[in-house]
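>>> build the 3D model from these lines:
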Amino acid sequence: MDIKAYLKLIRPKQWIKNFFVMVPLFFGGELFNLKSLIAGAIAFLAYSFAASSIYCYNDIHDVDDDRRHPAKCHRPVASGSVSILRAYILMVLMILLSMGCIVFLPENNLETGGVILFYWLLNLAYCVRLKRYAIVDVCIVAFGFVLRLFAGGFASDIVLSKWIVLMTFLITLFMSFAKRRDDVLRMEETGEAPRHNTIRYNLTFINQAITITASVTLVCYIMYTVSPDVIENFHTDYLYLTSVFVLLGLLRYIQLAVVDEESGDPTKIILKDHFTQLVVFAWLVSFMIIIYVFKR
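Numbering: from 1, shown residues only. Presented below is the predicted three-dimensional model:
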């Protein structure tokens, strides 16, 4: 058994995206509450196993297309290192593990499990059909991150701010459009569309979509930091200062997308781009200092 091939199929590196389930703890000021932290960790594992199940199905469904793709042909199912039958077995195992994790949540098991199951079904539909439709595809990707937020909120019993929900949708929609920009560039260079819906995008549309979503994300974040309920909840009115780092992060991502043309995988950017890492770290530290140290 080729363990590396199976690990490659379930894509554990992509689990970094599922840290969004911990966002409610951070913005809810419950990051150092052990009970909430354990609930968040369980939700993270449950969501990660569900996402891995989807990766398995995606590779099974797209196996013929992947075999013709210069990079995706090396995926375990496309290359034959994992058979389709075993990929199906792994897919079922992953979703069973996901639902199994939900049992260990201290509360709101049904709500959290329901959100994750809805994410799983939605993404099955995405793999089969919905990803063929331009705009719908990026909206579903962004909505998947909103569902991560809801899963984390239910698991840790934290009520989500409407601003956090909006920001999550907008910033992940922004990154999804940036990712599609690379597809459009590739289509213009090779004459072949990397995805079925790439022909429904062009650079003018993508650039405007990136600009709009980045602008609205920044405005939404500023509105969040100055909203009365947030000031009352965190006992500080200095959170607006962290908007600087959000602006820097958005500008850096646009620079990578438009100037360097390297926005293909947000996970790789977060793991490799030192400027982005520095901005995220500075935002995180400044936010935590303001809400945990300098509160009134």
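>>> can you show me the strands along the protein?
Counting by DSSP state E, the chain forms no strands at all.
>>> quick one: find the helix or strand in it with the lowest mean pLDDT.
One helix or strand of the chain scores below all others by mean pLDDT, DSSP states H and E: helix 266-272, with a mean of 75.
>>> okay, buried residues for that helix please.
Buried positions in helix 266-272, judged by neighbour count with 16 or more other Cβ atoms under 10 Å: 266, 269. Yep, even glycine has a C-beta here, placed from its N, CA and C like the rest.
>>> name the helices or strands packed onto it?
In this structure, helix 266-272 makes packing contacts with helix 162-190, helix 274-292, judged by 3 or more Cβ pairs under 8 Å, 6 or more residues apart in numbering; DSSP states H and E.
>>> so what secondary structure elements neighbour the longest one?
Looking back up the chat, that one is helix 162-190. Packing partners of helix 162-190 (3+ Cβ pairs under 8 Å, 6+ apart): helix 23-27, helix 136-156, helix 203-226, helix 243-254, helix 266-272.
>>> now the shortest one
If contacts are counted by 3+ Cβ pairs under 8 Å, 6+ apart, helix 274-292 sits against helix 243-254, helix 266-272.
>>> pull it out as PDB, backbone CA atoms only.
Extracted in PDB, the C-alpha atoms of helix 274-292 (Å, rounded to 0.1, in the frame of the first residue of the first chain):
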ATOM      1  CA  HIS A 274       6.700  35.900   3.700                       C
ATOM      2  CA  PHE A 275       5.100  39.300   3.100                       C
ATOM      3  CA  THR A 276       1.600  37.800   3.500                       C
ATOM      4  CA  GLN A 277       2.700  35.800   6.500                       C
ATOM      5  CA  LEU A 278       4.100  38.900   8.200                       C
ATOM      6  CA  VAL A 279       0.900  40.900   7.500                       C
ATOM      7  CA  VAL A 280      -1.300  38.100   8.900                       C
ATOM      8  CA  PHE A 281       0.900  37.700  11.900                       C
ATOM      9  CA  ALA A 282       0.900  41.500  12.600                       C
ATOM     10  CA  TRP A 283      -2.900  41.700  12.200                       C
ATOM     11  CA  LEU A 284      -3.400  38.700  14.500                       C
ATOM     12  CA  VAL A 285      -1.000  40.000  17.200                       C
ATOM     13  CA  SER A 286      -2.400  43.600  17.100                       C
ATOM     14  CA  PHE A 287      -6.000  42.300  17.200                       C
ATOM     15  CA  MET A 288      -5.200  40.100  20.200                       C
ATOM     16  CA  ILE A 289      -3.300  42.800  22.100                       C
ATOM     17  CA  ILE A 290      -6.200  45.200  21.600                       C
ATOM     18  CA  ILE A 291      -9.000  42.800  22.700                       C
ATOM     19  CA  TYR A 292      -7.200  41.000  25.400                       C
END
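>>> run the chain-centre distance for it.
On the basis of Cα atoms, centre = their mean, to the nearest Å, the separation between the geometric centre of helix 274-292 and that of its chain is 19 Å.
>>> neighbours of the closest residue to R186 other than its chain neighbours, how many?
In space, and not counting its chain neighbours, R186 is closest to P194: 5.5 Å by Cβ to Cβ, 6 or more residues apart in numbering. P194 has 19 neighbours, counted by other Cβ atoms under 10 Å.
>>> next one: E192
E192 has 10 nearby residues by other Cβ under 10 Å.
>>> then L124?
For L124, the neighbour count with other Cβ under 10 Å is 17.
>>> again, but for L34
If you count neighbours by other Cβ under 10 Å, L34 ends up with 8.
>>> over to the one 5 residues further on?
By the other Cβ under 10 Å criterion, the neighbourhood of A39 contains 26 residues.
>>> which residues touch it?
Residues near A39 by Cβ atoms under 8 Å, 6 or more residues apart in numbering: 105-107, 155-157.
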